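Trainee: Sequence and predicted structure are below.
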Amino acid sequence: MTVVVHHRLHADFAVRFPWLRRALGPRSGLELDAAGLRVRLGPWLVTTPLSNIAGAESGGPYSALRGLGIRLSLADRGLTFGTTTEGGVCLRFHEPVPGIDPWGLVRHPGLTVTVAEPDLVAEAINRVVTRA
């Protein structure tokens with residue numbers, strides 16, 4: 001017997017400044033559905049199937065140095081898509097994913113995204129991942 005899980009989650013980035021929202025474009029945000037995870041911030045995109053998501057935790061607040069912009073952690077190669085210092089969601093992957101460079105040479109074991117309502121987003125992602 002095959003069990004089909006239906007779900008769809010869209011979370012916008014937490015952005016305080018209207019000019020920044022316009023610069024990022026209308027397609028920026030986090031999307032999770034049966035096809036997998038897609039996180040876009042401007043021209044940067046991270047995609048992975050549901051089976052590759054190990055879990056999610058909310059965190060923050062972050063320092064401006066850690067929480068704003070596109071950032072690669074030199075400690076663990078984690079990627080940040082940051083638009084606020086208030087908080088976000090850290091996604092962990094079973095297998096590292098491409099994201100910061102257009103060739104996919106650098107792979108990331110985790111991705112932090114500063115979405116609106118990070119606690120709810122992390123809870124929803126964990127609920128979906130445990131069912132998949």
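Mentor: Nice, thanks for sending it over. Residues are numbered from 1 along each chain as shown.
Trainee: Only the buried residues of stretch 38-53, if you could.
Mentor: When burial is assessed from 16 or more other Cβ atoms under 10 Å, stretch 38-53 yields the following buried residues: 38, 39, 40, 41, 46, 48, 50, 52, 53. (Glycine included, C-beta is placed from N, CA and C.)
Trainee: So for the longest helix seen in the chain, mean pLDDT?
Mentor: Ranked by residue count under DSSP state H, the longest helix found in the chain is helix 118-131. Averaging pLDDT along helix 118-131 gives 93.
Trainee: hang on, the earlier thing: out of the buried residues of stretch 38-53, which comes closest to residue 21?
Mentor: If you rank the buried residues of stretch 38-53 by distance to residue 21 using Cβ to Cβ, residue 41 comes first, at 11.4 Å.
Trainee: The closest one contacts residue 28, doesn't it?
Mentor: Yes. Residue 41 is within contact range of residue 28, at 5.3 Å (criterion: Cβ atoms under 8 Å).
Trainee: Identify the contacts common to these two.
Mentor: Shared contacts of residue 41 and residue 28, defined by Cβ atoms under 8 Å, 6 or more residues apart in numbering, comprise residue 13.
Trainee: Going by neighbour count, which residues of the strand ranked longest in the chain are buried?
Mentor: Using DSSP state E, we find that the single longest strand of the chain is strand 88-98. Across strand 88-98, burial judged by 16+ other Cβ under 10 Å covers 88, 89, 90, 91, 93, 96, 97, 98.
Trainee: does the last one really touch residue 48, like I thought?
Mentor: No. The pair formed by residue 98 and residue 48 falls short of the contact definition of Cβ under 8 Å, at 9.4 Å.
Trainee: Sketch out the low-pLDDT regions of the protein for me.
Mentor: Counting by pLDDT under 70, the chain shows low-confidence ranges at 1-7, 17, 19, 132.
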